[in-house]
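Colleague: Let's see this in three dimensions:
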Amino acid sequence: MLGSLRDRATLVVQADGYAPHRGVVTVREPETEVEIVLQTADARAEGRVVDARGEPVVGAIVHVQPRDGLSPHRTVRTDRRGLWQLDGLPAGEVEFEATHVDHAPAGTVVAVVAGASTRVDLTLGAGWTLEVAVRTAGPDQPIAGARIQIGGRLEFTDAQGRAVLDRLGEPSLRVQVSAPGHGTATRVADRPRGDDRLAIVVALQRGGRIEGTTTDYRGDPVAGARVRLRDGAGQVLGEQRTSARGTWRFDGIPEGPVTIEATPPPDRQEELAEVALDSDVLEGRVTAEGDVRFDRQ
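Modeller: Reported below is the predicted structural model:
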């Protein structure tokens, strides 16, 4: 029964083993009885995931999302024969996508039928290769041992400053590069059309690191504060917001004197005063003397 409602109301009903239902009812009385008939979610989808050569892909993740706007997203992994199966789907259009770390993803939309099994086979494209060369800015020299991170994958450059990342599946990747005694750089690498290999060069600025924590007059960390770094001539070298723990860090800063300028987050600017702090950066070293304390206004 419905109470304390007026005019029209939208109802969403969900129950295990049934397709979810959304409906609009008109409420004419303080208590209105509504009868809703749920359809059994008894459709099945099954299929096989193979690679470009027709070989089964073991451990591929098949993402299943009914298009009714109510049913949850579900996943299932392929077995050693590349086969998968999923029961309890509502009848209607369903999105299927297969992913694997060594292949490009593949997807389709298929209408599944109540009380029946629908076949959905997916073919994953071949992965691609990214070659990253890391060098110093200015004097063009390779950087050995540079750290290259793409998502959860981590590689390091060899003695020639190169690293090869193969079996990539995503069409666009965010590449983060860093090295001791140098700055950091981020690049976006897009899979080239008609080619399975891409080479990029990333130049890192030599310098040092300066880092610290922003706190208030009580000693509590201040998140979201703006920290700006200037060199001895007043030129801005970088700007960022502090983390949830109040921390900040600048890499690849040229050796010499710097000024740290900190501004409280917008919601605390009436309470906390801006602050400036002088420090020094040494090439290849970490300066951890950048702790900033906001006093009260």
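
Colleague: Check which residues of stretch 285-297 are buried.
Modeller: Neighbour counts over stretch 285-297 (16 or more other CB atoms under 10 Å) mark T287, G290, V292, R293, F294 as buried. Placement of C-beta: from N, CA and C, glycine included.

Colleague: Most widely separated two among the residues you listed?
Modeller: Distance extremes for the buried residues of stretch 285-297: the farthest pair is T287 and F294 at 20.3 Å, using CB to CB.

Colleague: Give me the pLDDT for the nearest residue to F96 once chain neighbours are set aside.
Modeller: Computed as CB to CB, 6 or more residues apart in numbering, the closest residue to F96 that is not its neighbour in sequence is V120, at 5.1 Å. pLDDT, V120: 98.

Colleague: where does V120 sit relative to A126, distance-wise?
Modeller: For V120, the distance to A126 (CB to CB, to the nearest Å) stands at 21 Å.

Colleague: Can you give me the distance of S243 to A225?
Modeller: Here S243 is placed at a distance of 10 Å from A225 (CB to CB).

Colleague: Give me the more crowded residue out of these two.
Modeller: Each of S243 and A225 has its neighbours counted (other CB atoms under 10 Å); A225 has more, 26 against 15.

Colleague: what residues are up against the closest residue to G208 other than its chain neighbours?
Modeller: In space, and not counting its chain neighbours, G208 is closest to V281: 4.4 Å by CB to CB, 6+ apart. By CB atoms under 8 Å, 6 or more residues apart in numbering, the contact list for V281 reads G207, G208, R209, I210, I253, P254, E255, G256, P257, V258, T287.

Colleague: Dig out what V281 forms beta bridges with.
Modeller: Note on V281: beta-bridge partners by DSSP bridges are G256.

Colleague: same thing with G92?
Modeller: Under the criterion DSSP bridges, G92 forms beta bridges with V112.

Colleague: neighbours around it, how many?
Modeller: 16.

Colleague: shift numbering so it begins at 24
Modeller: Renumbered: residue one is now 24, and that last one reads G115.

Colleague: Local confidence estimate at it?
Modeller: Here, the pLDDT recorded for G115 equals 95.

Colleague: how near is it to G247?
Modeller: Separation of G115 from G247 (CB to CB): 44 Å.

Colleague: give the contact list for the residue nearest the centre of the chain.
Modeller: Nearest to the geometric centre of the chain sits G174, at 7.5 Å (CA atoms, centre = their mean). For G174, the contact set (CB under 8 Å, 6+ apart) comprises L196, R197.

Colleague: what secondary structure does S266 sit in?
Modeller: For S266, the secondary-structure state derived from DSSP: H, G, I helix; E, B strand; the rest coil is coil.

Colleague: Report pLDDT for it.
Modeller: Looking at S266, its pLDDT is 95.

Colleague: distance of the closest residue to it other than its chain neighbours from R264?
Modeller: Leaving out its chain neighbours, the residue that sits closest to S266 by CB to CB, 6+ apart is A246, at 6.6 Å. Here the criterion is CB to CB. By it, A246 lies 8 Å from R264.

Colleague: Residues that sit against both of the two, list them.
Modeller: Joint contacts of A246 and R264 (CB under 8 Å, 6+ apart) are P288.

Colleague: Looking at these two, which one has more neighbours?
Modeller: Of the pair A246 and R264, A246 is the one with more neighbours under other CB under 10 Å, namely 15 against 12.

Colleague: wait, what's in contact with R220?
Modeller: W151, T152, L153, E154.
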